[in-house]
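1. okay, here's the prediction I keep looking at, along with the sequence it came from:
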Amino acid sequence: MASFTRFKGTATGTIYTADSTDVIIGILVANTGTTTAQFDLTLSSTAIATNMEISAGGNVELVQGKLVAQSGDALVLTVDSGTVAIYVSVLDSAS
């Protein structure tokens, strides 16, 4: 049975790894620091955001549709500068 899950991350590393056919229905990244933040985000080594900058106090919604993640696909955040928080909403086991 499908269920909804939310993941949160604040540092460079793997935020989420698909354990089946999952659907990512939302990714929100917020700058939680006092300077401009810059980051990269990949899903299974495919770029979702590259050198993305967010001004202090700002945020960006990266998924306005849906992304399908196959089992083993990893969503990886790399924070190049500043401080961010990332929130990922997933429909787990959508197959």
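-> Yes, it's here. Numbering: from 1, shown residues only.
2. what residues sit buried inside the host helix or strand of L77?
-> Assigned by DSSP states H and E, L77 belongs to strand 74-81. Under the neighbour-count criterion of 16 or more other Cβ atoms under 10 Å, strand 74-81 has L75, V76, L77, V79 buried. Where you see a C-beta, it was placed from the backbone N, CA and C, and this is true even at glycine.
3. same thing with stretch 87-95?
-> Neighbour-count burial for stretch 87-95, counted by 16+ other Cβ under 10 Å, picks out Y87, V88, V90, L91, D92, A94.
4. nearest to I27, of the buried residues of strand 74-81?
-> Using Cβ to Cβ, L75 comes nearest to I27 of these, at 7.9 Å.
5. ok, back up a step: after the strand holding L77 comes which helix or strand?
-> Heading C-terminal from strand 74-81 (DSSP H and E), you reach strand 84-92.
6. okay, angle between that following strand and strand 74-81 too, please.
-> Here the directions of strand 84-92 and strand 74-81 differ by 170 degrees (axes from the mean of the first three to the mean of the last three Cα atoms, to 10 degrees).
7. fine by me, thanks again.
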